[in-house]
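> Would you be able to build a 3D model of this:
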Amino acid sequence: IRVYSFNSGQLIHRQKSDGNGDYNLVIPTDDYITVIFMDVGNINIRPRTISPILPDEYEDIPWE
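Sure, this is the predicted structure:
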C-alpha cells in the first residue's frame, strides 16, 4: 500500500500487509491523498487506486 499527496504526488507513507492481508495505516496529513494497493510479487494483479480522498473519510472497500 502506498499513499501519495494528491496535490504534489509526493510519497507520504508505504506499508506492507501481513500474511492475512491486514494492514494499519496512520496518515500524517489532512490533505487529499491517493491510495494505491498493489501486489509487487504478482504482476498479474492490477494495482487499485482510490483518489482523491481525505484520510478521515476512507473506508476499506472489499476487493470483490
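
> Flag every buried residue along stretch 35-53.
Within stretch 35-53, the residues scored as buried using 16 or more other Cβ atoms under 10 Å are V35, F37. (Glycine included, C-beta is placed from N, CA and C.)

> T49: what secondary structure?
Counting by DSSP: H, G, I helix; E, B strand; the rest coil, the backbone at T49 sits in strand.

> confidence score at it?
Note for T49: predicted pLDDT of 89.

> who's in contact with it?
Applying Cβ atoms under 8 Å, 6 or more residues apart in numbering to T49 gives the contacts T34, V35, I36, F37.

> Let's see that with 10 Å instead.
Shown in contact with T49 (Cβ atoms under 10 Å, 6 or more residues apart in numbering): R2, Y4, T34, V35, I36, F37, M38.

> next one: T29
V3, S5, F6, I12, H13, L54, P55.

> how close does it get to N44?
Distance check for T29 against N44: by Cβ to Cβ, to the nearest Å, it reads 32 Å.

> rewinding a little: list only buried entries from the contacts of T29.
For those, buried by 16+ other Cβ under 10 Å: V3, F6, I12, P55.
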